[in-house]
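Engineer: Structure for the following, please:
(one chain, ligands or ions: 1)
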Amino acid sequence: MKSLLITIDGPSGAGKSTVSRGLAERLGYTYVDTGALYRAVAFVAHSKGCSADDDNGLADICKHLELRFEKSSKGRRLYANGEDITERVRTSEITMLASAVSARSVVRENLLNVQRGMGKGGGLVFEGRDMGTVVFPEADVKFYLNAHLDTRVLRRYKELVETDAATSLPGVRKAMMKRDEDDSSRALAPLKPAHDAVRIDSTFLGIEQVVEAMFHHIRGQAK
Ligand code: DC
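Structural biologist: Okay, here's the model as predicted:
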């Protein structure tokens, strides 16, 4: 199949990452997790003691931050200034801080360039919140993946409790509702479906079914 640029947006817990990875594999494409880039900025800000509302500090961090993904036997790894930070950006603290720094224009502007740089050439599946609306408005195929809040909470809970037995369902629900609200209501590039995105609800669908539905749609488009 020709080298298309495909975007998948949606709220956390809708299954975006697993679906994006599966779709990329099926197409022989490269998968780009853009949330990881915001997490990387949050991680560096946290380690430097820079708060989410310190625009000068964030600007400085972005200016000196070299981000890249690299394939390895352990899957795709995220490097920030040469350091592998793949697992370290997944804590609850960095998750909330990533949402906060993602609302700052200085961070969004910097990462816009990084993402467009990574998008050259096609053969890519980009996953995020504003891929189809802001970063790649000319993408070949756009999807918006959603699921009922209860389903998303349960999925995230199952994921988190594997590494942290103290994880609670009400805690996950509260954090997810806050993040959904913050990501959708921010002034810059808020989470919303692009007008030309194909909407898929994964509440009652398994990962394979979602990938299959997307694959069929793309094949139809590519003909
Ligand atoms: O997809 P994720 O949970 O790893 O994303 C972490 C945060 O980054 C999320 O709360 C919102 C932000 N984000 C964004 O603003 N734009 C994107 N394209 C991807 C993520």
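Engineer: Around the ligand, pick out the residues from this structure.
Structural biologist: Proximity of the chain to the ligand (CB under 6 Å from any ligand atom) is limited to residues 12, 34-36, 38-39, 98-99, 102, 128-131, 179, 183. In this view, the C-beta of every residue, glycine as well, is placed from N, C-alpha and C.
Engineer: who wins for neighbours among these?
Structural biologist: Met131 (30 neighbours; other CB atoms under 10 Å).
Engineer: Which two of the residues of the chain next to the ligand have the greatest separation?
Structural biologist: Met131 and Arg179 (17.5 Å; CB to CB).
Engineer: Count the neighbours of Arg104 for me.
Structural biologist: When neighbours are counted by other CB under 10 Å, Arg104 comes out with 21.
Engineer: my bad, should have said Gly122
Structural biologist: With other CB under 10 Å as criterion, Gly122 counts 14.
Engineer: Now do the same for it: helix, strand or coil?
Structural biologist: coil (DSSP: H, G, I helix; E, B strand; the rest coil).
Engineer: and if you look at Lys71?
Structural biologist: Quick answer, by three-state DSSP: Lys71 is strand.
Engineer: Who is it paired with across the strands?
Structural biologist: The partner list for Lys71 in beta bridges (DSSP bridges) reads Arg76.
Engineer: for the nearest residue to Ser92 once chain neighbours are set aside, what are its contacts?
Structural biologist: Residue nearest to Ser92 in three dimensions, not counting chain neighbours: Ala175, with 6.9 Å by CB to CB, 6 or more residues apart in numbering. Applying CB atoms under 8 Å, 6 or more residues apart in numbering to Ala175 gives the contacts Ser92, Thr95, Met96.
Engineer: how far away is Asn56 from Lys71?
Structural biologist: Using CB to CB, to the nearest Å, Asn56 is found at 35 Å from Lys71.
Engineer: no, scratch that, I was asking about Gly28
Structural biologist: Counting by CB to CB, the gap from Gly28 to Lys71 is 13 Å.
Engineer: do the same with Tyr38
Structural biologist: Distance of Tyr38 to Lys71, computed by CB to CB: 21 Å.
Engineer: can you give me the helices in this protein?
Structural biologist: With helices called from DSSP state H, the chain shows them at 16-27, 35-48, 55-63, 92-101, 105-118, 149-161, 169-185, 207-222.
Engineer: For Lys192, which of the ones you listed is the nearest?
Structural biologist: helix 169-185 (6.8 Å).
Engineer: buried ones in that closest one?
Structural biologist: Within helix 169-185, the residues scored as buried using 16 or more other CB atoms under 10 Å are Val172, Arg173, Ala175, Met176, Arg179, Asp180, Asp182, Asp183.
Engineer: Now distance to Tyr144 too, for those residues, in CSV please.
Structural biologist: Output for these, formatted as CSV (distance: CB to CB, whole Å):
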residue, distance to Tyr144
Val172, 23
Arg173, 22
Ala175, 22
Met176, 18
Arg179, 17
Asp180, 14
Asp182, 18
Asp183, 13
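Engineer: pLDDT and distance to Gln221 for those - can I get that in JSON lines?
Structural biologist: Shown next, in JSON lines, are the buried residues of helix 169-185 (pLDDT from 0 to 100; distance: CB to CB, whole Å):
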{"residue": "Val172", "pLDDT": "95", "distance to Gln221": "36"}
{"residue": "Arg173", "pLDDT": "96", "distance to Gln221": "37"}
{"residue": "Ala175", "pLDDT": "93", "distance to Gln221": "36"}
{"residue": "Met176", "pLDDT": "94", "distance to Gln221": "32"}
{"residue": "Arg179", "pLDDT": "91", "distance to Gln221": "31"}
{"residue": "Asp180", "pLDDT": "93", "distance to Gln221": "29"}
{"residue": "Asp182", "pLDDT": "91", "distance to Gln221": "33"}
{"residue": "Asp183", "pLDDT": "91", "distance to Gln221": "28"}
